[in-house]
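Trainee: Fold the following for me, if possible:
(2 chains)
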Amino acid sequence: MAQSKLWTAAPEWAVYPLGLLPAVDLFVRAFSNALGADPLRVLENGLGEWALRFLILGLAVTPLLRFGRINLVKYRRAFGLVAFIYVVLHLSVYLALDKQFFWSEIGKDIIKRPYITIGMAAFLMLVPLAATSNRFSIRKLGSMGWRKLHRLVYPAVLAGALHYLLLVKAWPPEPIIYLAIVVALLAVRRIKPARRARQAA
Amino acid sequence: MPAYRFPVPPASEITPKHAILNRRAFMAGAAGLAVAAAGAPVRAQAGEMLKTVAGPFSTDETPNSLDDISGYCNFYEFGTGKGDPAKYADKLTTRPWTIEVGGMVNNPGAIDIEDLLTQYTLEDRIYRLRCVEAWSMVVPWVGIPLSSVLEKFDVQGSAKYVAFETLVRPEEMRGQSSTFPILPWPYVEGLRLDEAMHPLTILAVGLHGEVLPNQNGAPVRLVVPWKYGFKSIKSIVSIKFTEEEPPATWNLQNPREYGFYSNVNPTVDHPRWSQASERRIGGGLFSSRIETQMFNGYGEQVASLYDGMDLKKYF
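Mentor: Numbers count the residues shown, from 1 in each chain, chains lettered A, B, ... in the order given. Below is the predicted model of the structure:
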């Protein structure tokens, strides 16, 4: 089965303006007081959720290629970087607008609150990945070293999904669904392409 | 010519007021049905003004707008999103409505919502509301002290607690009909008898001078302003006096995180987040955090209820 050209028609850079549209929308509505009674929560949670969505999109690239013959590989870096931008915006809103640079409380949060600890860990794991998302770094680290480093994205996404689940009351469906998708996308990587070889034989 | 003419009283003296109100509600309902047939939702009595007097204990802080209070709610019977209750609660029919009162009382019986609205003095009570999720509002409730509603049932001496229960009606409460229920229904809550009978504790039937919007727990809900919001159970159908501590929904769901007392206490954190400060809703994106007060600022009135109690243990 041939890979559809449809999936690769758009240039990589198009992912950035498209991917950041929801952020623009959220900020415009937040500043124009159109996010309801508690705009901060909608903004903060919305940015976090979009970060998770783009991280999941990045994780989905390999399984989509392997099992769906959909080739999104050329966009993967952009997915990851857009996700990272959302993470940075989410964290900035938490620090500046939610905790209002109340550093002692932020420090206590990071140490004492598992969901903040895990969220912060996810952020720290993503920093080196964003920093090395360029050709120069691949050359410098070597293909193998670079790939090894970028496996950090797996625990980072898992941490992001857990971060969401740990902050809600009771067991609402959304964070459970995100976590299930992440676990499924990680699990599917353990299925070796050997199966395809056997089918072909 | 008749030898004697019977005095003819005016209609207003014959028809009891609540019957007139009933008739009005019926007419409004009929009009609503006609509108509903044309595709618009029925909103029984929403916006109807209540006759109130100023009550005690009101804060002079600026109340949140009706839009904020009725648009930002936790009422999981209608969904877990803050906007879900406003979206879906208009399906709830709030008439007829009675609260069964039983358990350890000498005169078990019922409270009819029409009686609550007509036989009691409705008081304006502007209270702070502190949610366990670390946000807060100022709500101008309209209500009646719970103690004055319950006294006619003649509580027995051995009763120590009061148990409350919310309506279960999945066909009108979409959160109750979902495949994976978020909480076990009915929602139940409880107070110690002295907490229930405290003059701060009210049954609310309105806010901002109007009939309570459905999404805020219509037609009648509890308001206990020194405890986290989830203790103030909504759309009540049953009140029972008991000797044992009654079950409370969030306490059952996660006893480590939600205690039976759940008094607002900045020094006892939720295991997953701090309770030291709160965000006051209504200030927009840049509203500043405020420090949470012990007993939500009602310590002067209620601290004595807990004399000698370890509030870190009985959180």
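Trainee: Next, count neighbours for the residue in chain A positioned nearest to chain B.
Mentor: Nearest residue of chain A to chain B: residue A:37, at 3.6 Å (Cβ to the nearest Cβ). The C-beta positions use only the backbone N, C-alpha and C, and glycine is treated the same way. Neighbours of residue A:37 under the rule other Cβ atoms under 10 Å in any protein chain shown: 22.
Trainee: So it belongs to a helix, correct?
Mentor: No. Read with DSSP: H, G, I helix; E, B strand; the rest coil, residue A:37 is coil and lies in no helix.
Trainee: looking at it, it is touching residue B:68, isn't it?
Mentor: Yes. Using Cβ atoms under 8 Å, residue A:37 makes contact with residue B:68 at a distance of 4.1 Å.
Trainee: Get me the contact residues on chain B for chain A.
Mentor: B:64, B:67-68, B:71-72, B:76, B:80, B:82-83, B:132-133, B:135, B:180, B:182-183, B:250, B:253-254, B:269, B:272-274, B:276-277, B:279, B:281-282, B:284-289 (Cβ under 8 Å from any Cβ of the partner chain).
Trainee: Which residues are in contact with each of residue A:37 and residue B:68?
Mentor: Residues touching both residue A:37 and residue B:68 by Cβ atoms under 8 Å, 6 or more residues apart in numbering or on different chains: B:281, B:282.
Trainee: For the closest residue to chain A within the stretch 101-250 of chain B, which three-state class applies?
Mentor: Here the stretch 101-250 of chain B gets closest to chain A at one residue, residue B:182, 5.2 Å apart by Cβ to the nearest Cβ. Following three-state DSSP, residue B:182 is assigned to coil.
Trainee: ok, it - contacts?
Mentor: A:170, A:171, A:172, B:76, B:80, B:175.
Trainee: ok, now with 10 Å
Mentor: By Cβ atoms under 10 Å, 6 or more residues apart in numbering or on different chains, residue B:182 lies in contact with A:169, A:170, A:171, A:172, A:173, B:76, B:77, B:79, B:80, B:175, B:176, B:253.
Trainee: How about residue B:82?
Mentor: A:36-38, A:41-42, B:71-75, B:133, B:135, B:281.
Trainee: ok, which stretches of chain B are strands?
Mentor: Per DSSP state E, chain B carries strands over the ranges B:52-54, B:98-103, B:109-112, B:122-130, B:135-145, B:161-166, B:188-192, B:202-207, B:210-211, B:221-223, B:236-242, B:277-280, B:289-291.
Trainee: between those strands, which gets nearest to residue A:164?
Mentor: strand B:135-145 (18.6 Å; Cβ to Cβ).
Trainee: who does that closest one touch, helix- and strand-wise?
Mentor: strand B:52-54, helix B:66-71, helix B:113-119, strand B:122-130, strand B:202-207, strand B:210-211, strand B:221-223, strand B:277-280 (3 or more Cβ pairs under 10 Å, 6 or more residues apart in numbering or on different chains; DSSP states H and E).
Trainee: Between strand B:202-207 and that strand, find me the angle.
Mentor: 110 degrees (axes from the mean of the first three to the mean of the last three Cα atoms, to 10 degrees).
Trainee: pLDDT of strand B:135-145, averaged?
Mentor: For strand B:135-145, the mean pLDDT works out to 98.
Trainee: Relative to that strand, what are the paired strands and their orientations?
Mentor: In the sheet, strand B:135-145 lines up against strand B:122-130 (antiparallel), strand B:202-207 (antiparallel), strand B:277-280 (parallel) (DSSP bridges).
Trainee: Below-threshold pLDDT in the chain: ranges please.
Mentor: I went with chain A, as the question did not name one. A:1-6, A:192-201 (pLDDT under 70).
Trainee: let's do chain B instead
Mentor: For chain B (pLDDT under 70), the answer is B:1-46.
Trainee: so residue A:161 is in which element?
Mentor: helix A:153-165 (DSSP states H and E).
Trainee: residues of that helix that come out buried?
Mentor: If you call a residue buried by 16 or more other Cβ atoms under 10 Å in any protein chain shown, then helix A:153-165 has these buried ones: A:153, A:156, A:157, A:158, A:159, A:160, A:161, A:162, A:163, A:164, A:165.
Trainee: Just give me how far that helix sits from the chain centre.
Mentor: Here helix A:153-165 is found 9 Å from its chain centre; the criterion is Cα atoms, centre = their mean, to the nearest Å.
Trainee: Same question for stretch A:138-153.
Mentor: Using Cα atoms, centre = their mean, the offset of stretch A:138-153 from its chain centre is 18 Å.
Trainee: cool, and stretch A:116-128?
Mentor: On Cα atoms, centre = their mean, the centre of stretch A:116-128 falls 11 Å from the chain's centre.
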